[in-house]
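**Student:** quick one: sequence plus predicted model below, questions after.
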Amino acid sequence: MNPVRVLRQIALYLERAGEPTYRVRAFRRAAAVVEGLPEGELEQRVRAGTLTALSGIGKTTAAVITDALQGREPAYLTEVATRAVPGMPDGGPLLKALRGDCHTHSDWSDGGSPIDEMAEAARQLGHSYLVLTDHSPRLTVANGLSGERLRAQLDVVAALNTELAPFRILTGIEVDILDDGTLDQDPELLAELDVVVASVHSHLRMPRAEMTERMLTAVANPRVNVLGHCTGRLVTRRARPESQFDAEAVFAACRDNDVAVEINSRPERLDPPRRLLRLAVEIGCRFAIDSDAHAPGQLGWLPFGCARALECGVQPDSVVNTMTADDLVAWAAGR
């Protein structure tokens, strides 16, 4: 067994289960230490029992490394692989139908991991692609990408895709919908991206009529492919009420403009609520079941969205990320 891969897999399982960040980082840090060792040193240290002399490797990670290097499945890996994720549903056939994830973040904005780690985690889930959608510049609290930084990211993604093929990182952005419904990025640059998710992040308590007009303007923009977490609600301890808007009008506009309504899988969002999700199904919308992951392990939260989609009658052929990467890009470009 490859010790680096085992350490990173454990980090994914811990992250998915909502374990403390320091514990997740300990395994990623140990993986980086092992990866940076000169050839042969790891084996020598295992034989000599001196792994814990290395900064960043403790008793638990040393035991995992030793077991992996000697061809045994580490007991810690076995245990965390079955660790329950609070409230995690099965996800059913819809989860199996997903080929990728259309809403993810890296450490280029407010995510916690590099792009390549996000891509590797998606690949381990069996996905064939991941759409990278870091934030746009107005969201300064999330280190949103200026046009210059986004262009630099496109070059990084192109280089990674050469290394990762046939897996693909699709280029994208989670662009802010501004108060007047315009988008927080250069339209010409948005046109170069594979998939654009548009979301409201500010003035969430705008009056209903104004919020409706704001969202209708965004959905009508030909650069938009997915309407992200449409109500903006939070359902956990840091609860936040839903934004008020004419859902029937907004979903009809999504249908007519071929914009997918996002089914956000983050446990604190679970957006849209079931009553609105059922309305979107009745109106005939497309959907994107997304993790909105800000860390590799969070990519495993998709069952939350899949279960709610199945409850509300969403069919696999209406979900854009059941498409192949080529078909998804072609659909998005069709606007």
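**Tutor:** Yes, it's here. Numbering: from 1, shown residues only.
**Student:** output the lengthiest helix in the chain as PDB, restricted to C-alpha atoms.
**Tutor:** Scanning the chain for the helix with the most residues, using DSSP state H, yields helix 147-164. Extracted C-alpha coordinates of helix 147-164, given in PDB (Å, rounded to 0.1, in the frame of the first residue of the first chain):
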ATOM      1  CA  GLY A 147      -9.500  38.800 -13.500                       C
ATOM      2  CA  GLU A 148      -5.700  38.500 -13.400                       C
ATOM      3  CA  ARG A 149      -5.800  35.800 -10.700                       C
ATOM      4  CA  LEU A 150      -8.500  33.900 -12.600                       C
ATOM      5  CA  ARG A 151      -6.400  33.900 -15.800                       C
ATOM      6  CA  ALA A 152      -3.500  32.600 -13.800                       C
ATOM      7  CA  GLN A 153      -5.700  29.800 -12.400                       C
ATOM      8  CA  LEU A 154      -6.700  28.800 -16.000                       C
ATOM      9  CA  ASP A 155      -3.000  28.200 -16.800                       C
ATOM     10  CA  VAL A 156      -2.600  26.100 -13.700                       C
ATOM     11  CA  VAL A 157      -5.600  24.000 -14.500                       C
ATOM     12  CA  ALA A 158      -4.400  23.500 -18.100                       C
ATOM     13  CA  ALA A 159      -1.100  22.100 -16.800                       C
ATOM     14  CA  LEU A 160      -2.800  19.900 -14.200                       C
ATOM     15  CA  ASN A 161      -5.100  18.500 -16.800                       C
ATOM     16  CA  THR A 162      -2.100  17.300 -18.800                       C
ATOM     17  CA  GLU A 163      -0.900  15.400 -15.700                       C
ATOM     18  CA  LEU A 164      -4.400  14.100 -14.600                       C
END
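**Student:** and the next helix or strand past that helix?
**Tutor:** strand 168-176 (DSSP states H and E).
**Student:** okay, helices next: where are they in this structure?
**Tutor:** Counting by DSSP H, the helices of the chain are 3-16, 21-35, 41-48, 59-69, 75-81, 92-97, 115-124, 147-164, 187-190, 208-220, 247-257, 274-283, 302-311, 325-333.
**Student:** with mean pLDDT added, can I get those in CSV?
**Tutor:** Below are those laid out as CSV (pLDDT from 0 to 100):
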stretch, mean pLDDT
helix 3-16, 91
helix 21-35, 93
helix 41-48, 96
helix 59-69, 96
helix 75-81, 92
helix 92-97, 96
helix 115-124, 94
helix 147-164, 98
helix 187-190, 97
helix 208-220, 98
helix 247-257, 98
helix 274-283, 98
helix 302-311, 97
helix 325-333, 98
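**Student:** out of the ones you listed, which gets nearest to Asp134?
**Tutor:** Nearest of the helices of the chain to Asp134, taken as C-beta to C-beta: helix 147-164 at 7.1 Å. Placement of C-beta: from N, CA and C, glycine included.
**Student:** which among the helices of the chain is found nearest to Leu178?
**Tutor:** The nearest among those, by C-beta to C-beta, is helix 208-220 at 8.0 Å.
**Student:** can you list the buried residues in the closest one?
**Tutor:** Within helix 208-220, the residues that qualify as buried are 211-219, counting by 16 or more other C-beta atoms under 10 Å.
**Student:** also stretch 136-154?
**Tutor:** Neighbour-count burial for stretch 136-154, with 16+ other C-beta under 10 Å as criterion, is recorded at 136-139, 142-145, 150, 153.
**Student:** contact partners for Arg233?
**Tutor:** 240-243, 269, 271, 273 (C-beta atoms under 8 Å, 6 or more residues apart in numbering).
**Student:** and those, which are buried?
**Tutor:** Neighbour-count burial (16+ other C-beta under 10 Å) is assigned, among the contacts of Arg233, to 242-243, 269, 271, 273.
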